[in-house]
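A.B. asks: build me a model from this:
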Amino acid sequence: MKRYLEHLLEDLKELRLRATQNLALVFKIPEMNGFDLYHNEEHSGIKVAELIGMEKFFFPNVDYLTDDEAEIVVGELIEVYKAHGLNPIFESCVSARIKYGHLRLSLNHQVFPVENQIVDIEMCDYLPQYCPLYDLCSHYNNHQVCCGLKRRA
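C.D. replies: The predicted structure follows:
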């Protein structure tokens, strides 16, 4: 697994360097022909995986990572997100393993990046009974309450 993580980290660094090119493709406005108008509805969102250029299946399940490995991968993955104009927001109680799980799942979510701006992505905003990651969330398991609910209380 160690060699695989080394390759993954190298790929993440490469993605961060190619972020400007990826974003330029997303924000390319089609040329207008005659009466053909460009509408905002045509600019739909894009999956995070398509935006950064790496699918979810490249990232191992969190069970295969140690805490230290998860922390390293999370740091790099957050930098990739930020390089592509996305700012993942986590609760303070969330560990690196849970952050990794959220970031990995969010690769399949649709986002709406804005040119020359940072878009905030709320990574943990679930009621406890609807949280898809409750089995990974140590805070939920220890206190039977979700991070989001604690914030609202």
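A.B. asks: CA atoms of stretch 92-111 as PDB?
C.D. replies: Output in PDB follows, covering the C-alpha atoms of stretch 92-111 (Å, rounded to 0.1, in the frame of the first residue of the first chain):
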ATOM      1  CA  SER A  92     -13.300  21.200  14.200                       C
ATOM      2  CA  CYS A  93     -14.200  17.800  15.700                       C
ATOM      3  CA  VAL A  94     -13.500  15.900  12.500                       C
ATOM      4  CA  SER A  95     -10.400  13.700  12.300                       C
ATOM      5  CA  ALA A  96      -8.300  13.200   9.200                       C
ATOM      6  CA  ARG A  97      -9.800   9.800   8.600                       C
ATOM      7  CA  ILE A  98     -13.300  11.300   8.500                       C
ATOM      8  CA  LYS A  99     -12.100  14.200   6.400                       C
ATOM      9  CA  TYR A 100     -10.700  11.700   3.900                       C
ATOM     10  CA  GLY A 101     -14.000   9.900   3.800                       C
ATOM     11  CA  HIS A 102     -15.900  13.100   3.100                       C
ATOM     12  CA  LEU A 103     -13.400  14.300   0.400                       C
ATOM     13  CA  ARG A 104     -13.500  10.900  -1.200                       C
ATOM     14  CA  LEU A 105     -17.300  10.800  -1.300                       C
ATOM     15  CA  SER A 106     -17.600  14.400  -2.500                       C
ATOM     16  CA  LEU A 107     -15.700  13.400  -5.700                       C
ATOM     17  CA  ASN A 108     -19.000  12.200  -7.100                       C
ATOM     18  CA  HIS A 109     -20.900  15.400  -6.100                       C
ATOM     19  CA  GLN A 110     -21.700  18.100  -8.500                       C
ATOM     20  CA  VAL A 111     -20.200  21.600  -7.900                       C
END
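A.B. asks: for the helix or strand that contains Gln21, give me every contacting residue.
C.D. replies: Under the criterion of DSSP states H and E, Gln21 resides in helix 19-26. With contacts defined as Cβ atoms under 8 Å, 6 or more residues apart in numbering, helix 19-26 is touched by 15, 46, 51-53, 80, 83-85, 113, 115. Placement of C-beta: from N, CA and C, glycine included.
A.B. asks: restricted to strands, list those residues.
C.D. replies: Ile46 (DSSP state E).
A.B. asks: many thanks, I have nothing further to ask.
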